[in-house]
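Participant: Quick one: sequence and predicted model below, then my questions.
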Amino acid sequence: MIIKWEPWKMIALGGSMMLVSVILPLLMVLQLLRSTFFLNFLAYGLSVAGLILGFIGMVSMVKIKRIEKKYKDEYEDRYN
């Protein structure tokens with residue numbers, strides 16, 4: 001399945017997932033949430049998934065910018 005989101009949306013979602021994965025263990029350490037295996041694995045999974053999704057968003061953004069620059073340079077070379 002190919003994700004058809006804009007890169008900034010993927011980066012924002014990945015960042016928010018990583019933020020939640022930091023907040024959950026903090027709340028567990030402060031004993032505001034009970035530490036369970038489910039919450040521990042959820043925090044870990046959100047951290048990994050957020051990192052991967054943010055990285056994919058950054059790679060997509062770089063790819064799009066390189067393609068735009070390539071075609072802009074080709075257009076300028078051809079018609080100037």
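Facilitator: Okay, I see it. Numbering: from 1, shown residues only.

Participant: Secondary structure class of residue 8, three-state.
Facilitator: Recorded secondary structure, residue 8: helix (DSSP: H, G, I helix; E, B strand; the rest coil).

Participant: Check residue 5 too.
Facilitator: Note that with three-state DSSP, the state of residue 5 is coil.

Participant: Let me see the contact set for it.
Facilitator: Applying CB atoms under 8 Å, 6 or more residues apart in numbering, one finds that residue 5 lies in contact with residue 57. The way it works is simple: take the backbone N, C-alpha and C, and place the C-beta from them, glycine included.

Participant: Would you quantify the distance from it to residue 25?
Facilitator: 28 Å (CB to CB, to the nearest Å).

Participant: From the structure, what's the count of residues near the closest residue to residue 64 other than its chain neighbours?
Facilitator: In this structure, residue 64 finds its nearest non-sequential neighbour in residue 7, 6.8 Å apart by CB to CB, 6 or more residues apart in numbering. The number of residues packed around residue 7, counting by other CB atoms under 10 Å, is 19.

Participant: Mind telling me which residue is nearest the centre of the protein?
Facilitator: Of all residues in the chain, the one closest to the mean position by CA atoms, centre = their mean is residue 54, 1.7 Å from it.

Participant: Using the three-state scheme, assign residue 31.
Facilitator: coil.

Participant: and it, how many neighbours?
Facilitator: Residues near residue 31, counting by other CB under 10 Å: 8.

Participant: so who does it touch?
Facilitator: Per CB under 8 Å, 6+ apart, neighbours of residue 31: none.

Participant: Okay, it and residue 17: tell me how far apart.
Facilitator: Residue 31 sits 24 Å away from residue 17, going by CB to CB.

Participant: Residue 47 now?
Facilitator: 7 Å.

Participant: Could you do residue 8 as well?
Facilitator: Taking CB to CB as the criterion, residue 8 is separated from residue 17 by 15 Å.
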